[in-house]
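Peer 1: Can you look at this prediction? I've put the sequence above it.
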Amino acid sequence: TDTSMKYRRVLLKLSGEALMGNEDYGIDPIVIKALAAEIIEVQKAGVQIGLVIGGGNIFRGAGLAESGMDRVTGDHMGMLATVINALAMADALEKLGAFSRVMSAIKINEVCEDYIRRRAVRHLEKGRIAIFAAGTGNPFFTTDSAAALRATEIGAELLLKATKVDGIYDSDPKKNPGAKRYEQLSYDDVIARNLQVMDTAAFALCRDNSIPLRIYDMMQPGALMRILRGEPLGTLVHA
Ligand code: UDP
């Protein structure tokens with residue numbers, strides 16, 4: 001283990017779209033391999049890392065409901081989409097020589113393990129990269145909520161949210177060239193300034209449990225390692 005690491009156990013949330021790269025659907029093998037390599041780098045440096053992966057690159061319940069599908073059925077499909085992504089990530093990690101386990105919030109025992117908290121912690125302690133699939137297992141939630149939930153359960157010191165923007169801005173940086181990035185915000189600042197960081201349920205869970213959250217740009221190579229060494233990339237949201 002590398003003693004220069006600031007964190008011992010973290011949870012990383014990757015959106016389904018993160019896996020898509022420049023495609024408009026599904027998984028880009030080059031992108032998932034690059035993400036896997038960055039995750040392995042920090043695991044090898046001694047950081048226990050759990051992942052929550054979204055499913056938006058395949059299906060989202062809300063989107064399916066807009067086209068007329070029953071919302072709960074759509075959410076079930078969305079959760080299954082996260083399992084597909086989790087399996088792809090496990091494969092990418094193992095191809096690069098790491099050990100990983102997919103643990104699902106809904107039972108699909110022929111495909112992966114069930115999520116059991118104590119077992120998840122054991123995997124992390126043994127240096128396996130645990131991938132928490134199927135979100136919270138409940139419709140009407142998102143994988144952001146799942147990330148907040150699993151981070152709390154496993155005692156993660158930091159929740160990382162990898163996005164396409166390098167943090168939280170006071171206005172949309174794509175539309176406003178003068179947009180200013182916040183380096184730090186408290187949970188109360190986020191509410192007072194009405195900033196959109198995560199959905200409300202996920203946000204409430206982080207705030208109530210005082211989980212520090214760092215939003216960063218996943219496209220910046222090496223960012224994950226730098227953050228876990230203590231560099232203040234992106235925006236930190238704290239209690
Ligand atoms: N989902 C759900 N419950 C959960 C997590 C996810 O029903 O606890 C469903 C929901 O339909 C969601 C889809 O799975 O739209 C994919 O997850 P999400 O939208 O969070 O993926 P991301 O935007 O991160 O790719």
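Peer 2: Now that the structure is in, tell me what you want to look at.

Peer 1: CA only for contacts and neighbour counts going forward, please
Peer 2: OK.

Peer 1: can you give me the strands for this protein?
Peer 2: Taking DSSP state E as the criterion, the chain carries its strands at 9-14, 48-53, 100-104, 113-114, 129-133, 158-163, 184-186, 213-217, 235-238.

Peer 1: Now render those as CSV, adding distance to R229, mean pLDDT and mean neighbour count.
Peer 2: Shown next, in CSV, are the strands of the chain (distance: least, Cα to Cα, whole Å; pLDDT from 0 to 100; neighbours: other Cα atoms under 10 Å):
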stretch, distance to R229, mean pLDDT, mean neighbour count
strand 9-14, 12, 98, 24
strand 48-53, 13, 98, 26
strand 100-104, 22, 98, 24
strand 113-114, 31, 98, 18
strand 129-133, 18, 98, 28
strand 158-163, 12, 96, 23
strand 184-186, 17, 97, 16
strand 213-217, 13, 97, 23
strand 235-238, 14, 97, 22
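
Peer 1: which one of those lies closest to R60?
Peer 2: Closest to R60 of these, according to Cα to Cα: strand 48-53, at 12.9 Å.

Peer 1: other SSEs contacting that closest one?
Peer 2: Contact partners of strand 48-53 among helices and strands, from 3 or more Cα pairs under 8 Å, 6 or more residues apart in numbering; DSSP states H and E: strand 9-14, helix 29-44, helix 71-95, helix 117-125, strand 129-133, helix 143-154.

Peer 1: G135 against L149, yeah?
Peer 2: No: under the criterion of Cα atoms under 8 Å, G135 makes no contact with L149, lying 9.3 Å away.

Peer 1: So the two - more neighbours on which side?
Peer 2: G135 (29 against 18; other Cα atoms under 10 Å).

Peer 1: tell me the contacts of G21?
Peer 2: By Cα atoms under 8 Å, 6 or more residues apart in numbering, the residues touching G21 are 27-28, 31.

Peer 1: circling back: distance to the ligand for the strands of the chain - can I get that in JSON lines?
Peer 2: Shown next, in JSON lines, are the strands of the chain (distance: least, Cα to the nearest ligand atom, whole Å):
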{"stretch": "strand 9-14", "distance to the ligand": "6"}
{"stretch": "strand 48-53", "distance to the ligand": "6"}
{"stretch": "strand 100-104", "distance to the ligand": "11"}
{"stretch": "strand 113-114", "distance to the ligand": "15"}
{"stretch": "strand 129-133", "distance to the ligand": "9"}
{"stretch": "strand 158-163", "distance to the ligand": "10"}
{"stretch": "strand 184-186", "distance to the ligand": "22"}
{"stretch": "strand 213-217", "distance to the ligand": "13"}
{"stretch": "strand 235-238", "distance to the ligand": "19"}
